[in-house]
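Novice: just coords:
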């Protein structure tokens, strides 16, 4: 039985880490090691990890100085002993079948990477949304076969890696930046010769917490990190002589992560914010015709198509009204 390593960065999540660890312990595939990386937590997170390690020999705890999420993931990957490895955020939980299903797919496809679906859960409202990758099942493929994979969620936590591939790629998470997944996962996709996909059902449960990094109102930091990540990613594809081959995919990534998503966040907070135009100007400089990208019609849901229409017409009040209606509807369903 192959050993599968699970790396869990831990920082100030004492409320959540127990549930995360217990969901890993319940795996139907038992030959695992659990690496808990205490990234200098200031609450009881580190002590909680130690308590679990005393009762489960599969758990190893590493206490280190705070270096951020990227540093914790990179550090954890260095300690891995398994043939395969997974990253799990310490405030999330997983299906009991995650390791079994992803390992089976990796072995059958000889995959460098194996993707799997996830479900996001809004802590505040309880709203649940399924993210379906919609990739070819039960066979190996590459980004050259299916370039649309570059447009899928770049989450570090929804992929099993072959450790040998991780090491040889020499790709690591950039330090000191938010949106580090976006800067990293597409590079792995480009490097991977064989990619697998489990399909079937969600195997990961992603907690959307109010006040988390991904829901910050620091739009200056958001602009700095998003634009740095996108420029970094585009530069990598250029160095790999792949920028022209994947021009439409890169353009859509700039649209989604440099325009559409950040503008929704800014508009919800302040309809007169100067960052609305800053994001738009940034993407226009890189890709002047980005709003004509063919993936926009293919990938955006009907709801997001409406949001984009209102965004382009600068009907920000209507966007916020629709958002308020959705939140009200979610609260009534609880």
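Specialist: Thanks, I have it. Just so you know, these numbers come straight off a predicted model, no measurement behind them.

Novice: what's the nearest residue to the residue nearest the centre of the chain if we skip its chain neighbours?
Specialist: Centrality entry for the chain: nearest residue to the mean C-alpha point is residue 155, 1.7 Å, by CA atoms, centre = their mean. Of all residues not flanking residue 155 in the chain, residue 181 sits nearest, at 5.6 Å (CB to CB, 6 or more residues apart in numbering). C-beta here means a position set from N, CA and C on the backbone, and glycine is covered the same way.

Novice: ok, now which ones touch the residue nearest to the centre of the chain?
Specialist: 118, 181, 185, 206 (CB atoms under 8 Å, 6 or more residues apart in numbering).

Novice: Max pairwise distance over the residues you listed: which two?
Specialist: Farthest pair in the contacts of residue 155 (CB to CB) is 185 and 206. Separation: 14.5 Å.

Novice: neighbour count winner among the two?
Specialist: residue 185 (24 against 20; other CB atoms under 10 Å).

Novice: ok, for the more buried one, nearest residue in space, not its chain neighbours?
Specialist: residue 154 (3.8 Å).

Novice: and the one you found, helix, strand or coil?
Specialist: Here residue 154 is recorded as coil under DSSP: H, G, I helix; E, B strand; the rest coil.

Novice: Looks like it contacts residue 187 (just checking).
Specialist: No - here residue 154 does not reach residue 187: they are 9.8 Å apart, not a contact under CB atoms under 8 Å.

Novice: Let me see the ranges of the helices in the stretch 101-250 of the chain.
Specialist: For the stretch 101-250 of the chain, the helices defined by DSSP state H, counting those that start in this stretch cover 163-169, 180-191, 219-239, 247-255.

Novice: Also compute the angle for the second one relative to helix 219-239, please.
Specialist: Just to be clear, that refers to helix 180-191. With axes from the mean of the first three to the mean of the last three CA atoms, to 10 degrees defining the directions, helix 180-191 sits at 10 degrees from helix 219-239.

Novice: give the contact list for the residue nearest to residue 155.
Specialist: Residues near residue 181 by CB under 8 Å, 6+ apart: 154-156, 173.

Novice: Please tell me the pLDDT value assigned to it.
Specialist: In this model, residue 181 is scored at 97, pLDDT.

Novice: Ok, residue 216 next?
Specialist: The score at residue 216 is 59. That number is its pLDDT.

Novice: One more: the one 4 residues further on?
Specialist: Residue 220 carries a pLDDT value of 95.

Novice: Over to residue 138?
Specialist: pLDDT, residue 138: 80.

Novice: which stretches of the stretch 101-250 of the chain aren't confidently modelled?
Specialist: Applying pLDDT under 70 to the stretch 101-250 of the chain flags residues 210-216.

Novice: 80 instead?
Specialist: 124-126, 200, 209-217 (pLDDT under 80).

Novice: how near is the residue nearest to residue 155 to residue 201?
Specialist: To residue 201, residue 181 is 22 Å away according to CB to CB, to the nearest Å.

Novice: now residue 135, nearest residue through space, not along the chain?
Specialist: Nearest to residue 135 is residue 197, by CB to CB, 6+ apart, at 3.9 Å.

Novice: Then residue 260?
Specialist: Leaving aside its chain neighbours, residue 260 sits nearest to residue 308 (6.5 Å; criterion: CB to CB, 6+ apart).

Novice: Could you pull up the residues touching residue 197?
Specialist: For residue 197, the contacting residues are 105, 114-116, 133, 135-137, by CB under 8 Å, 6+ apart.

Novice: swap the cut-off to 7 Å and go again
Specialist: Counting by CB atoms under 7 Å, 6 or more residues apart in numbering, residue 197 touches 114-115, 133, 135-137.

Novice: Just put the residues you listed in TSV and tack on distance to residue 288 and neighbour count.
Specialist: Formatted as TSV, these follow (distance: CB to CB, whole Å; neighbours: other CB atoms under 10 Å):
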residue	distance to residue 288	neighbour count
114	37	27
115	32	24
133	30	19
135	31	19
136	34	15
137	38	13
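
Novice: Could you tell me which of those are located in strands?
Specialist: 114-115 (DSSP state E).

Novice: number of nearby residues for residue 144?
Specialist: By the criterion of other CB under 10 Å, residue 144 has 11 neighbours.

Novice: er, residue 164 I mean
Specialist: A count of neighbours around residue 164, defined by other CB under 10 Å, yields 11.

Novice: Look up the closest residue to it, ignoring the ones flanking it.
Specialist: Spatial nearest neighbour of residue 164, chain neighbours left out: residue 83 (7.7 Å); criterion: CB to CB, 6+ apart.

Novice: The residue nearest to residue 135 bridge partners, please.
Specialist: Residue 197 has the following beta-bridge partners by DSSP bridges: residue 115.

Novice: Can you tell me how far it is from residue 170?
Specialist: 25 Å.

Novice: same thing with residue 95?
Specialist: Distance from residue 95 to residue 170, by CB to CB: 31 Å.

Novice: Comparing the two, which shows the higher neighbour count?
Specialist: Between residue 95 and residue 170, counting by other CB under 10 Å, residue 95 is the more crowded of the two (21 against 7).
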